[in-house]
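Colleague: just the structure for this:
(chains A, B, C and D)
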2 protein chains.
Amino acid sequence: MKPTVHDIAKIAGVSLATVDRVLNGRPGVRSVTRGKVEDAITSLGYVRDLAAANLAKSRTYSFVFILPANDNSFMIGLHEEVRGAVARSSAERTDIRIVDVPPFDPGALVAALEAVLAEKPAGVAFVAIDAPEVRAVARRLTEAGVPMVTLVSDLPDSSRDHYAGIDNIAAGRTAGSLMGRFLSGPLLGERGATVAVLAGSMLVRDHRERLEGFSTVIAHAYPNVHILPVLEGRDDPGLSETMVAEALRRNADIAGIYSLGAGNRGLIRALQKAHGPRRPLVIAHELTASTRAALADGVIDAVLNQDAGHEVRSAIRVLKAKADGLPVLAAQERIRIDIFLKDNLP
Amino acid sequence: MKPTVHDIAKIAGVSLATVDRVLNGRPGVRSVTRGKVEDAITSLGYVRDLAAANLAKSRTYSFVFILPANDNSFMIGLHEEVRGAVARSSAERTDIRIVDVPPFDPGALVAALEAVLAEKPAGVAFVAIDAPEVRAVARRLTEAGVPMVTLVSDLPDSSRDHYAGIDNIAAGRTAGSLMGRFLSGPLLGERGATVAVLAGSMLVRDHRERLEGFSTVIAHAYPNVHILPVLEGRDDPGLSETMVAEALRRNADIAGIYSLGAGNRGLIRALQKAHGPRRPLVIAHELTASTRAALADGVIDAVLNQDAGHEVRSAIRVLKAKADGLPVLAAQERIRIDIFLKDNLP
DNA sequence: CAAATTCTGATTTACGTACCTCAGAATTTC
DNA sequence: GAAATTCTGAGGTACGTAAATCAGAATTTG
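Modeller: As a prediction, this is how the structure comes out:
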């Protein structure tokens, strides 16, 4: 039978209240008594029953999710997943509030985080923007004892407790490796091949990191692949379409395109309208309705994906654990980079 | 505030006991009274607090995991993960017992399942062997009301409640697609290329399915790739090594190898000892210490993986949900096919 | 019709922990 | 030395649900 506080009290020869004070670090216990209780705890191998504790505390974890009000499919899906978590909140003893902020706007994010700081919830999750002022608020949140996880986009070298997202450098490297291998052969002649890169903005850390990983692998392993200057489409369908169409017109020999941001709707439209001698090899990020269809149709060759549902659930699990001062199962919380070809679409 | 049984009792004008009888389907309530209680439940939107219910029942979920006593790295890892779950069992209110059975032995599996049937646990998970007698015991378990999930290898068209494992046909297709694309070009000349397939046993369903997916994609999308007769290495390092070495000696022009079973240690040794004009392209299953090293060294080009930890945790979550008659979050429980290149090794 | 038997509903206790209130002892203050 | 103030410990109640026990009414049986 699992030992309980009653067993501890009996063994240590004290009352329940004393055991409780020791367990919860409350004052009012002589050090000798404390010692006896601690001995009993270790000798019995007592572990607190979290379910019972939470019931007694009638605890609900109040979490705040700060999400950019982007209208691309990925962010919409992320919103959807958080709303799903809100729907499950009564069963999971959580009380999740969603705060929308304008995208790519450090000031707005800082303001939102400051509002959070004022209400002191049990935890915050947010899509980070890599800026010093954001790091500064993060530090104040940590000082205030508010657990904090970054979602999708990280804030390295900050005081965040956890990052629920993929390793974007590894993602870029994977894309580069796939691009190089897929190009090797028919498209990669003696004189090399040209690839274009479509990003949202180089101001966003995840996009920068993906490009970094991609470029590194191409430079080292596929030196005869030439990368054109990055197209920054601001994750906007229209702008992305124009930029890609323009690039395809100007460089008839583009053999591959790596879309590392969320401008895939525009990219796909541009590709469908194009009529070059042969279709370029396309690797994109995020499996959405449009990239899925494009993958099935052969317009896109591979999609690297991060599962927003897993990210949200992981963030919640980690916030709960941090709020309770519990360790996290690192293996369970690592967000993986999914690679989808048209053959393993779920 | 979340409604409780007390609120229901108050609204319906009855006692707690009556509410409890209605909620738990116990007899002794007149249908008019039952109706009043049910109305109150729906109007309040009551949902049972599982934590409190489990506490009151002082419930522990007793699960049995039946695992083949294979000595390949994947199965060892699977064992490890189940033992991890056993270690966490007190915190998770589970009581998990591991039963080892000899591998590839339907009779032993049936015997183990029958033993399980006798003790009626709250759920069973097992690595299925696709045989009629196994299906028959599965049916009896279902009739006895024991929730049942298959792990790693499925038992389709049976009464199992859930399958915690990957879609092996999709995995085979993915391998075929990667093989075809990676080969296209330097290795795939005018007259085509030859690939070898190393399996454990064609008697095991997951191996059959992987081969099926692989062959289908190759036949349709890469008609000039020729697949040699399957090598059945029984997942044995020594036998696998001899068979691969033999095949490489006999067919100097092998351009690719697909290892769809667990005989990777032998395969890797054979590859390291081989000294052909050029290294074949190798795609294998399951990320273990040896395949990871081979991937990093460039001996293997891609590894398809199923995360044993996720499978075990998913199986437990599903068994719990089934034991409580709760729905499962399908999106969360889908086990994904990880594709690892040397660039995205975790 | 009294006694036995079912129905139906109410009360009460338990699960393991948190936390509030209270009592007695030890210590300090005037 | 009496009163006030800490310490230290005990007891009890609450969280939301399950389930055992109890009590009264309705029904059946001889």
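Colleague: avg pLDDT for stretch A:148-161?
Modeller: On average, the pLDDT along stretch A:148-161 is 94.
Colleague: give me the contacts around that stretch.
Modeller: Contacts to stretch A:148-161, defined as C-beta atoms under 8 Å, 6 or more residues apart in numbering or on different chains, come from residues A:65, A:67, A:78, A:123-130, A:134-135, A:138-139, A:141-142, A:147, A:162-165, A:204-206, A:306, A:308, A:311-312, A:315, A:318-319, A:322. Every C-beta, even on glycine, is put in place using the N, C-alpha and C of the backbone.
Colleague: also stretch A:118-128?
Modeller: With contact meaning C-beta under 8 Å, 6+ apart, stretch A:118-128 is reached by A:61-68, A:78, A:97, A:109, A:112-113, A:116, A:134, A:141, A:144, A:146-155, A:158, A:160, A:164, A:205, A:315-316, A:319-320, A:322-323.
Colleague: pull out the buried residues from that stretch.
Modeller: A:121-128 (16 or more other C-beta atoms under 10 Å in any protein chain shown).
Colleague: again with stretch A:82-96
Modeller: Of all the residues in stretch A:82-96, those buried under the rule 16+ other C-beta under 10 Å are A:82, A:84-86, A:89, A:92-94, A:96.
Colleague: and what of stretch A:23-36?
Modeller: Within stretch A:23-36, the residues scored as buried using 16+ other C-beta under 10 Å are A:23, A:29, A:33, A:36.
Colleague: and which of those is nearest DNA strand D?
Modeller: A:T33 (3.3 Å; C-beta to the nearest atom of the strand).
Colleague: quick one: the helices in the stretch 151-300 of chain A?
Modeller: Under the criterion DSSP state H, counting those that start in this stretch, the stretch 151-300 of chain A contains helices at A:168-183, A:205-221, A:237-250, A:264-273, A:289-297.
Colleague: mean confidence for the third one?
Modeller: Mean pLDDT, helix A:237-250: 93.
Colleague: same check on the shortest one?
Modeller: Model confidence over helix A:289-297, given as mean pLDDT, is 95.
Colleague: with only the CA atoms kept, save that helix in CSV.
Modeller: The C-alpha coordinates for helix A:289-297 follow below in CSV (Å, rounded to 0.1, in the frame of the first residue of the first chain):
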residue,chain,number,x,y,z
ALA,A,289,-4.8,22.2,-46.0
SER,A,290,-3.0,23.9,-48.9
THR,A,291,0.4,22.3,-48.5
ARG,A,292,-1.2,18.9,-48.0
ALA,A,293,-3.1,19.3,-51.3
ALA,A,294,0.0,20.5,-53.0
LEU,A,295,2.0,17.6,-51.7
ALA,A,296,-0.7,15.1,-52.9
ASP,A,297,-0.7,16.8,-56.3
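Colleague: could you give me the buried positions within that helix?
Modeller: Buried positions in helix A:289-297, judged by neighbour count with 16+ other C-beta under 10 Å: A:290-292, A:294-295.
Colleague: do the same with the third one
Modeller: By neighbour count, with 16+ other C-beta under 10 Å as the criterion, the buried positions of helix A:237-250 are A:237, A:239-245, A:247-248.
Colleague: output those residues as a markdown table; include the columns distance to DNA strand C.
Modeller: Below are the buried residues of helix A:237-250 laid out as a markdown table (distance: C-beta to the nearest atom of the strand, whole Å):
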| residue | distance to DNA strand C |
| --- | --- |
| A:P237 | 51 |
| A:L239 | 53 |
| A:S240 | 52 |
| A:E241 | 56 |
| A:T242 | 59 |
| A:M243 | 56 |
| A:V244 | 57 |
| A:A245 | 61 |
| A:A247 | 60 |
| A:L248 | 62 |
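Colleague: quickly name whichever of those residues is closest to DNA strand D.
Modeller: Nearest to DNA strand D, judged by C-beta to the nearest atom of the strand, of those is A:P237 at 47.0 Å.
Colleague: quick check: that closest one touching A:G266?
Modeller: Yes. Between A:P237 and A:G266 there is a contact at 4.0 Å, judged by C-beta atoms under 8 Å.
Colleague: so what pLDDT did the residue of the stretch 201-346 of chain A found nearest chain B get?
Modeller: Ranked by C-beta to the nearest C-beta, the top residue of the stretch 201-346 of chain A for proximity to chain B is A:D343, at 3.7 Å. On pLDDT, A:D343 comes in at 84.
Colleague: if we can go back for a sec, and the buried residues of stretch A:23-36, which of them are in helices?
Modeller: A:23, A:33, A:36 (DSSP state H).
Colleague: ok, of those residues, which one's closest to B:S184?
Modeller: Minimum distance to B:S184 across these is 64.2 Å, recorded for A:L23 (C-beta to C-beta).
Colleague: got a list of what the residue nearest to A:S215 when sequence neighbours are not counted touches?
Modeller: If the residues on either side of it in the chain are set aside, A:S215 comes closest to A:I227, at 6.3 Å by C-beta to C-beta, 6 or more residues apart in numbering or on different chains. Applying C-beta under 8 Å, 6+ apart, one finds that A:I227 lies in contact with A:194-197, A:214-215, A:218.
Colleague: how many other residues sit next to the one residue in chain A that gets nearest to DNA strand D?
Modeller: Relative to DNA strand D, the nearest point of chain A is A:S15 (2.3 Å; C-beta to the nearest atom of the strand). Neighbour count of A:S15, defined by other C-beta atoms under 10 Å in any protein chain shown: 10.
Colleague: read off the pLDDT value for it.
Modeller: Model confidence at A:S15, expressed as pLDDT, equals 82.
Colleague: same deal with A:G189?
Modeller: Per-residue pLDDT puts A:G189 at 55.
Colleague: with the one 4 residues further on instead?
Modeller: Per-residue confidence at A:A193 stands at 87 (pLDDT).
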